[in-house]
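Enquirer: My questions are about this predicted structure, shown below with the sequence.
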Amino acid sequence: MDFITLDLATILILALAGLVAGTVNAVAGGGTFFTFSALVFVGIPPVAANATSAVALTPSNLSSVAAYLPEIRVHWRRYAALGIASAIGGYLGAQLLLATPAKAFIALVPWFLGFATILFAVSPLLRQVIDRFSQGPGTPGRRMAGLVMQLIVSVYGGYFGAGMGIIMLAALSVAEGDDYHFINAAKNICASLIQIFALISFLSSGIVQWPAGLVAGVGSVIGGYYGVALARRVPPAVMRWFVVGVGALLTLRFALA
């Protein structure tokens, strides 16, 4: 595959998209909205843009994991099973993406973006409904259900990824409780593993636009690390509604393209 030309304007667009994506991923998820859309905007085909977005966001998730090391040192045993489910799901989702014809994937993009945007908007209500009709968080049954949900989310994350962060936050809060920084650290660990194991599939396919991915990746690392500090200060609802607004605009843009 030929690489796109990286002129100054393209570099700035991709670096800014990576910065914003890394930040919002650290806070609540939704970074794929920004990197995927920016990569398509600069001329990369959607399937390749999706794979390249995974390349760009993997470093930011790892940097967010590093910022959450205090929580990880305490709770690493509870994260292990979630990590295994994430690795398996991420690999399977990437294999599914590579088997999807390009035209079919293009047709699905607005639906994926719309689905993710709606989930961002209703996630607090979804959690309240689930909490009302199920046992308390932290029970064996809830944790097993959380593992199953994590596997499903991971397949979706390996396939496309927009909105997987907020889905994971909702699933983890149902299974583990309302300790935001515990579940946000788990979300960053799981997202990293989903994308790393998806990359194993993408690397052998030859569809990754490496120069563009590396530029966006630099921005995402900066946003991913410092976004954790933002997550400790900014109410999650504020960032969630920002992502919902962006997601709605991008859904309309791809639906009308």
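Expert: Looks like it arrived, so ask away.
Enquirer: Could you use CA atoms for every contact and neighbour count after this?
Expert: Noted.
Enquirer: so Thr35 touches Val215, yeah?
Expert: No - applying C-alpha atoms under 8 Å, one finds Thr35 not in contact with Val215, separated by 10.7 Å.
Enquirer: The two: who's more crowded?
Expert: Using other C-alpha atoms under 10 Å as the criterion, Thr35 and Val215 rank with Thr35 on top: 33 against 21.
Enquirer: on that earlier part again, mutual contacts of Thr35 and Val215, please.
Expert: Shared contacts of Thr35 and Val215, defined by C-alpha atoms under 8 Å, 6 or more residues apart in numbering, are found at 14, 18, 56.
Enquirer: I'd like the list of those residues that fall within helices, please.
Expert: Among the shared contacts of Thr35 and Val215, the members found in helices (DSSP state H) are 14, 18, 56.
Enquirer: List just the nearest of these to Ser205.
Expert: Ala56 (16.6 Å; C-alpha to C-alpha).
Enquirer: quick one: the helices in the stretch 1-150 of the chain?
Expert: Along the stretch 1-150 of the chain, the stretches classed as helices by DSSP state H, counting those that start in this stretch are 8-27, 32-41, 46-67, 69-98, 102-132, 140-159.
Enquirer: what's the answer for the stretch 151-257 of the chain, then?
Expert: Taking DSSP H, counting those that start in this stretch as the test, the helices found in the stretch 151-257 of the chain are 164-176, 180-205, 210-231, 236-256.
Enquirer: for the helix or strand of the chain with the lowest mean pLDDT, packing partners?
Expert: When each helix and strand of the chain is scored by mean pLDDT, DSSP states H and E, helix 164-176 comes last, with a mean of 74. On a contact count with 3 or more C-alpha pairs under 8 Å, 6 or more residues apart in numbering; DSSP states H and E, helix 164-176 meets helix 102-132, helix 140-159, helix 180-205.
Enquirer: quick one: which of the helices of the stretch 1-150 of the chain has the weakest pLDDT on average?
Expert: Per-stretch mean pLDDT for these is lowest at helix 102-132 (a mean of 79).
Enquirer: Would you mind listing the buried residues in that one?
Expert: Buried residues in helix 102-132, counted by 16 or more other C-alpha atoms under 10 Å: 105-106, 109-110, 112-117, 119-121, 123, 127, 131.
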